[in-house]
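1. Here is my input, please return the structure:
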Amino acid sequence: MLQHATLADLPAFRCGHAHDLRAGTGCTVAVAPAGATCGVAVRGGGPATRETDLLKPENMIEAVHAVVLSGGSAFGLAASTGVMDELAERGIGFPVGSARVPIVVGACLFDLLVGDNVHPDAAMGREAARAAFERTPSDPLAEGNVGAGCGASVGKILGKERAMKAGFGLCGLRFGKLACVAMVALNAFGNVRDETGAWIAGCRGEDGRVMDPLAAFAAASAPQAPTAGPCANTTIGLVLTNARLTKAQATKASSVVHDAYARAIKPVHTSGDGDTVFTFASGEVETGYDTVAVLATEAMQKALVRAATQSEGAYGLPGLRASLP
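-> Okay, here's the model as predicted:
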């Protein structure tokens, strides 16, 4: 029987946020102080990523110490530098002489068109890493307009004026001893639907209601192209699990979890989305790979819905919760 899981079920990981609500940007970090297996799958056409080549199964590195999800487009990659510095000072990483070299990977979404012209930097990355260590395992990780989802939005088919606010969502599921917690910063060109198939967030019609995305394309002779200007989208997600996986299995699991994106977002994986999923596995539980992939996909689909439903309106974009002041 499936049961609800929380980050308390995954003590090998520490997670934290940092953000600037005025600027409309932030970052989220998941740290594995002892190192964990990590894989990644990138399906969108406009990614901004760090050190993902290390995660290819044929490459040497077997343990990763942190995954960083960030706003700020390519500028936001600087947040990972701060995470790396903070972990090294805490003695986390591979020993190299008297130094420590943490392996930190990450991905960014584009949120430069909301808030002020500020983006996550090394100082914000440090702040998120410190928050991860200050947060006790029993404390819930905040959702909505926080962390990497602070400036996220969805439904840009007819431009920003018809879009809606989205943000950061999280959902955990457990099957026996196996636990998977999915977290995601939802910043899609397309619309979002819940598990019943109803469109809940995205491009809005003249009446303010969320449109079917195909109807949105038909509503204008020249709908907004996902590649018009910078790639102003990208949904970035991470699955934490206590399963024992190889790098190849973690990579394949990340690929399968993109099915959750396809179920919840339409259109998805466009040329203007850098859609990315990481799988971070600490290795305490022996289980079948397919069980992990199925559980993680279900958790991610629910996390995507929460990323829409838990977000407040902000930066001139309406949200499914009350607008921020």
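2. shouldn't Thr246 be in contact with Thr37?
-> Yes: in this structure Thr246 lies within contact range of Thr37 using C-beta atoms under 8 Å: 6.9 Å. C-betas here are computed from N, CA, C, even on glycine.
3. and the longest strand seen in the chain, what other elements does it pack with?
-> Secondary structure assigned by DSSP state E gives strand 25-42 as the longest strand of the chain. Applying 3 or more C-beta pairs under 8 Å, 6 or more residues apart in numbering; DSSP states H and E, one finds that strand 25-42 contacts strand 14-20, strand 64-70, helix 78-89, strand 104-108, helix 122-134, strand 178-185, helix 247-264, strand 276-285.
4. Return the set of buried residues in stretch 237-254.
-> Residues of stretch 237-254 classed as buried by neighbour count (16 or more other C-beta atoms under 10 Å): 237-245, 247, 249-254.
5. so where's this structure shaky on pLDDT?
-> Low-confidence segments of the chain (pLDDT under 70): 220-231, 323-325.
6. Which helix in it has the most residues?
-> Longest helix in the chain by number of residues (criterion: DSSP state H): helix 289-309.
7. what's the angle from it to helix 247-264?
-> 40 degrees (axes from the mean of the first three to the mean of the last three C-alpha atoms, to 10 degrees).
8. quick revisit: list the strands paired with the longest strand of the chain, with their directions.
-> strand 14-20 (antiparallel), strand 64-70 (antiparallel), strand 276-285 (antiparallel) (DSSP bridges).
9. out of those strands, nearest to Lys165?
-> strand 14-20 (13.9 Å; C-beta to C-beta).
10. Pull the residues that contact the closest one.
-> Contacting residues not belonging to strand 14-20 are listed as 7, 25-31, 33, 115-116, 118, 120, 124-125, 127-135, 141-142, 145-148, 150, 168, 183, 240 [C-beta atoms under 8 Å, 6 or more residues apart in numbering].
11. can you do 6 Å?
-> 7, 26-31, 118, 124, 127-128, 131-133, 135, 141, 146-147, 150 (C-beta atoms under 6 Å, 6 or more residues apart in numbering).
12. ok, back up a step: closest to Phe175 out of the strands paired with strand 25-42?
-> Closest to Phe175 of the strands paired with strand 25-42, according to C-beta to C-beta: strand 276-285, at 9.9 Å.
13. roughly how far is that closest one from the heart of the chain?
-> Taking the mean of its C-alpha atoms, strand 276-285 sits 14 Å from the chain's own mean (C-alpha atoms, centre = their mean, to the nearest Å).
14. For that strand, buried residues please.
-> Neighbour counts over strand 276-285 (16+ other C-beta under 10 Å) mark Thr276, Val277, Phe278, Thr279, Phe280, Ala281, Ser282, Gly283, Val285 as buried.
15. First-to-last residue distance for stretch 182-201?
-> Length of stretch 182-201, first residue to last, C-alpha to C-alpha, to the nearest Å: 20 Å.
16. list the buried ones in it?
-> So stretch 182-201, judged by 16+ other C-beta under 10 Å, has buried residues 182-194, 199-201.
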